[in-house]
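Student: Predicted model and sequence below, questions to follow.
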Amino acid sequence: MDPGSSAPRTGASDPRGAAAGPARVDDPGVPCLPGAPSWVSLLAHDPGAAREFYGPLLGWTFEPPREQPPGYLVAEVQGVPVAGIGRLPSRGRFTATWTTFFGVADIDAAALRVRERLGTVGVGPSPAWAGRVALATDPDGAVFGLWQGEVGPARELPLPGAPSWVELSTDAFAAAMFYGDVLDWAAHDPQHLDMAWQHERVVLLVDGKERAALRTADERTASLPVRPHWHLSFAVDDLHRALVRALRLGAVLLSAPVSTPYGDTAELHDPEGAAFSLVANR
């Protein structure tokens, strides 16, 4: 993902207000599909250590983009950029976390819709080399990103080691109204972007494949002192083998593998405490 190429993609965001987004691509890019999850980024205290964890776990290779902030890394699977890793600021009590970015056709209009619907835009919209990014928070406190530009391998997923699913546990119908308005879901061609009610979830389908869901938090989850967040899952071919590898690399297993309508999955923390899941590729 080269900031000077005709096909930029995005990466991470910096809590200080600087966004780390596009990376190097030498091949033609995959056009951003507005409204769809388009990129995921990890902010970590030690990007090098994160590289040593996620690389062997998910089969990632890395390419340091030429014009990115120092320490920013782009992970690729089979030559497709799938995730970014950036550095947290040294000052402040920031925790390592994954952020999901959604593509938009007009980021200024999308940011305005966030504010009009009682969300918050904390960073941007700001230039990010080959596009524009913003960090926002929905009315229940879940953080998400907006990206305007050509980003993300949404139509090439799932690949083993790539992000394949994001899910938000919240008030599903209220969230569907918020994100549907902000991301203009109803305006897009239903052959490429559609919504459905499946398995007690509002599900976003990209080219007919389930990619994201809004699920009403159950009473137990709602009582926990953790604000709603977009939880990210990476596809793996062999869940048991991947879990063994993750634990050897220093992950903490938060839940035993469970069967879901979207594949067998297990939740973990990486060595810095960033939450993610592994899901068996279907």
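Tutor: Here it is on my side, so go on. Numbers count the residues shown, from 1 in each chain.

Student: what does the host helix or strand of Asp194 rub up against?
Tutor: In the assignment (DSSP states H and E), Asp194 maps to strand 193-198. Applying C-beta atoms under 8 Å, 6 or more residues apart in numbering, the external contacts of strand 193-198 come out as 33-36, 176, 180, 185, 202-206, 208, 210, 213, 261. In this view, the C-beta of every residue, glycine as well, is placed from N, C-alpha and C.

Student: where exactly do the helices run in the stretch 51-200 of the chain?
Tutor: 107-116, 172-182 (DSSP state H, counting those that start in this stretch).

Student: Serialize those helices to a markdown table and add fields for mean neighbour count and mean pLDDT.
Tutor: What follows is the helices of the stretch 51-200 of the chain, written out as a markdown table (neighbours: other C-beta atoms under 10 Å; pLDDT from 0 to 100):
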| stretch | mean neighbour count | mean pLDDT |
| --- | --- | --- |
| helix 107-116 | 17 | 96 |
| helix 172-182 | 18 | 93 |
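
Student: can you redo those as TSV with distance to Glu63?
Tutor: Formatted as TSV, the helices of the stretch 51-200 of the chain follow (distance: least, C-beta to C-beta, whole Å):
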stretch	distance to Glu63
helix 107-116	26
helix 172-182	31
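
Student: Can you tell me the closest non-neighbouring residue to Pro271?
Tutor: Gly250 (4.0 Å; C-beta to C-beta, 6 or more residues apart in numbering).

Student: The residue lying closest to Trp165 once chain neighbours are set aside bridge partners, please.
Tutor: Nearest residue to Trp165 in three dimensions, chain neighbours excluded: Ser233, at 4.2 Å (C-beta to C-beta, 6+ apart). Going by DSSP bridges, Ser233 is paired in beta bridges with Trp165, Ser277.

Student: thought Ser233 was touching Leu268?
Tutor: No: Ser233 is beyond contact range of Leu268, at 10.4 Å (criterion: C-beta atoms under 8 Å).

Student: What are the buried residues along stretch 89-103?
Tutor: The neighbour-count check on stretch 89-103 (16 or more other C-beta atoms under 10 Å) flags Ala96, Thr97, Trp98, Thr99, Thr100, Phe101, Phe102, Gly103 as buried.

Student: Check stretch 196-211 too.
Tutor: By 16+ other C-beta under 10 Å, the buried positions in stretch 196-211 come out as Arg201, Val202, Val203, Leu204, Leu205, Val206, Glu210, Arg211.

Student: and the spatially most central residue of the chain, what is it in contact with?
Tutor: Residue closest to the average C-alpha location in the chain (C-alpha atoms, centre = their mean): Thr100, at 2.5 Å. Neighbour list for Thr100: Pro37, Trp39, Val40, Phe144, Gly145, Pro163, Val166, Ala212, Trp230, Leu232 [criterion: C-beta under 8 Å, 6+ apart].

Student: same question, Phe144
Tutor: Phe144 neighbours (C-beta under 8 Å, 6+ apart): Thr99, Thr100, Phe101, Phe102, Leu135, Ala136, Thr137, Asp138, Trp230.

Student: Apply 6 Å and report the result again.
Tutor: Phe144 sits next to Thr100, Ala136, Trp230 when contact means C-beta atoms under 6 Å, 6 or more residues apart in numbering.

Student: Of these, which is the nearest to Pro89?
Tutor: Checking the contacts of Phe144 against Pro89 by C-beta to C-beta gives Ala136 as the nearest, at 19.5 Å.

Student: Distance from the chain centre to stretch 132-141, please.
Tutor: How far stretch 132-141 lies from its chain's middle: 13 Å, per C-alpha atoms, centre = their mean, to the nearest Å.
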